[in-house]
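Student: got a structure for you, letters missing:
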Ligand SMILES: CSC[C@H]1O[C@@H](n2cnc3c(O)ncnc32)[C@H](O)[C@@H]1O
Ligand SMILES: [Zn+2]
């Protein structure tokens with residue numbers, strides 16, 4: 001058996017306690033063999049975790065990873081204008097090579113900030129899957145479908161591509177890649193297509209992921225035209241099952257929260273994107289109180305503007321308190337759970353907890369920094385004070401992806417250079 005030991009650190013356990021312990025990993029199986037203070041087995045490789053906190057790898061449950069290319073491309077607008085005036089015209093000019101370049105840059109950023117798994121909706125998915133395979137992360141990938149403005153043939157071709165991608169890439173990269181069917185939203189995909197698309201996906205056991213209840217501009221037309229709330233409509237369309245997960249859920253009323261809790265549909269909270277686009281404040285504490293499976297995501301780097309899940313935890317806690325008008329709402333252990341086990345459960349990927357037999361997906365956070373001193377409460381530090389740049393080592397599926405801040409699976413400098421070149425050429429074309 002080939003083993004890896006993460007030695008000399010403190011370990012965040014699934015019950016949110018922290019203990020002095022080593023973590024022993026079976027690299028062949030990609031699982032945790034043992035967690036304990038006195039492990040006497042020799043390991044084939046050791047990662048030093050002295051003065052560090054070993055946490056489950058962070059799980060970014062909603063992203064558009066290749067949008068790193070559009071970071072800073074268009075800011076300071078609300079969602080609809082931002083998409084229509086800036087983002088969609090630029091995306092229409094992206095080549096598969098551009099998407100590969102943007103994905104690699106985003107994956108480097110994720111590895112460097114302790115993210116080991118993510119869910120992603122975009123296009124040119126084969127390029128994203130190839131980048132994920134090389135980077136060594138886990139992902140649930142899907143081709144996003146928009147039928148708005150398309151004729152019937154183009155709309156159906158888009159849906160067919162989403163289903164084909166979901167079939168082809170499920171289980172790729174030694175099982176690290178899973179897939180989903182991904183209609184973009186309840187307003188950008190017409191009802192006639194949604195109904196068929198969702199049924200076809202579910203018939204084949206493919207989960208469905210979509211944006212929902214993100215802005216009032218999106219909710220109001222559904223209510224006006226149908227006389228029902230968006231998630232009642234989603235339920236009617238069959239897209240509110242325990243396998244499905246939606247992004248945002250900002251403007252949900254109490255009845256919709258009950259629907260989500262009853263169905264077991266995951267909700268991915270994206271606080272930075274919601275603040276930047278002024279979409280609103282999701283009622284996260286209400287969702288948690290109702291027992292909804294809540295995860296955390298960055299959304300794309302164009303609306304965030306980074307892929308750092310530590311930022312996201314802090315934003316989620318701060319915004320959650322403001323939304324609830326209660327400083328005790330969305331507390332530190334809640335956001336840490338949302339960024340780890342909560343996200344993993346919402347998108348149904350392994351990881352999110354350091355436990356024997358579980359996935360060996362972890363991040364080692366260096367605590368030897370002024371902003372993490374003194375170590376009064378390490379869960380508080382993770383939620384409120386740590387940054388992605390504090391991550392020293394990243395491990396996914398038992399494989400070391402970053403050691404002492406050196407990314408081992410991708411070439412960081414080359415990824416930045418390719419992204420710069422891709423965007424220089426894109427700017428000439430758009
Ligand atoms: C069709 S692929 C996915 C599609 O989603 C766009 N997108 C990025 N951020 C958001 C957001 O916050 N709400 C809705 N849609 C978003 C992205 O630019 C792609 O076009
Ligand atoms: Zn999104």
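Tutor: That came through fine. A quick note: this is a predicted structure, and the numbers were derived from the prediction, not measured. Ligands and ions are numbered 1, 2, ... in the order given.

Student: tally of neighbours for residue 174?
Tutor: Residue 174: 10 surrounding residues under other Cβ atoms under 10 Å. The C-beta positions use only the backbone N, C-alpha and C, and glycine is treated the same way.

Student: who's in contact with residue 429?
Tutor: Going by Cβ atoms under 8 Å, 6 or more residues apart in numbering, residue 429 touches residue 93.

Student: so how far is ligand 1 from it?
Tutor: Look at residue 429 and ligand 1: by Cβ to the nearest ligand atom, to the nearest Å, they are 17 Å apart.

Student: repeat that for residue 193.
Tutor: Counting by Cβ to the nearest ligand atom, the gap from residue 193 to ligand 1 is 14 Å.

Student: which secondary structure element contains that residue?
Tutor: helix 191-203 (DSSP states H and E).

Student: now for that helix, which elements pack on it?
Tutor: helix 152-169, strand 182-183 (3 or more Cβ pairs under 8 Å, 6 or more residues apart in numbering; DSSP states H and E).

Student: again, only using 10 Å
Tutor: strand 138-145, helix 152-169, strand 182-183, helix 230-236 (3 or more Cβ pairs under 10 Å, 6 or more residues apart in numbering; DSSP states H and E).

Student: near ligand 1, which residues of this structure show up?
Tutor: By Cβ under 6 Å from any ligand atom, the residues of the chain that approach ligand 1 are 64, 79, 83, 87, 91, 121-123, 144, 146, 184, 211, 214, 273, 299-300, 303.

Student: roughly how far does residue 225 sit from ligand 1?
Tutor: In terms of Cβ to the nearest ligand atom, residue 225 sits 19 Å off from ligand 1.

Student: tell me the angle whichever helix or strand that residue is part of makes with helix 191-203.
Tutor: Per DSSP H and E, residue 225 falls inside helix 216-226. Helix 216-226 and helix 191-203 are oriented at 100 degrees to each other (axes from the mean of the first three to the mean of the last three Cα atoms, to 10 degrees).

Student: so which bits of helix 216-226 are buried?
Tutor: Residues 218, 219, 222 are the ones in helix 216-226 that count as buried (16 or more other Cβ atoms under 10 Å).

Student: okay, now the domains of the chain?
Tutor: 3-57+352-407, 58-347 (automatic domain parsing).

Student: the last one - what's its average pLDDT?
Tutor: Across domain 58-347, pLDDT averages out at 98.

Student: can you give me how far it is from the chain middle?
Tutor: 8 Å (Cα atoms, centre = their mean, to the nearest Å).

Student: how about the residue of the chain found nearest ligand 1: what's its closest non-neighbour residue?
Tutor: Closest residue of the chain to ligand 1, Cβ to the nearest ligand atom: residue 144 (2.6 Å). Spatial nearest neighbour of residue 144, excluding adjacent residues (Cβ to Cβ, 6 or more residues apart in numbering): residue 121 at 4.2 Å.

Student: and residue 398, how far from residue 309?
Tutor: Computed as Cβ to Cβ, to the nearest Å, the residue 398 to residue 309 distance reads 21 Å.

Student: so between the two, which is more surrounded?
Tutor: Just comparing residue 398 and residue 309: by other Cβ under 10 Å the higher neighbour count belongs to residue 309, 30 against 22.

Student: these two touch, right, the more buried one and residue 56?
Tutor: No. Using Cβ atoms under 10 Å, residue 309 makes no contact with residue 56, being 11.3 Å away.

Student: hey, what's in contact with both of those two?
Tutor: Common contacts of residue 309 and residue 56 (Cβ atoms under 10 Å, 6 or more residues apart in numbering): 114, 339, 340, 343, 363.

Student: mind checking pLDDT for the last one?
Tutor: The model reports residue 363 with a pLDDT of 99.

Student: isn't there a strand covering it?
Tutor: Yes. Assigned with DSSP: H, G, I helix; E, B strand; the rest coil, residue 363 falls within a strand.

Student: just the buried ones out of the residues of the chain next to ligand 1, please.
Tutor: Here, 16+ other Cβ under 10 Å leaves 64, 79, 83, 87, 91, 121-123, 144, 146, 184, 211, 214, 273, 299-300, 303 buried among those.
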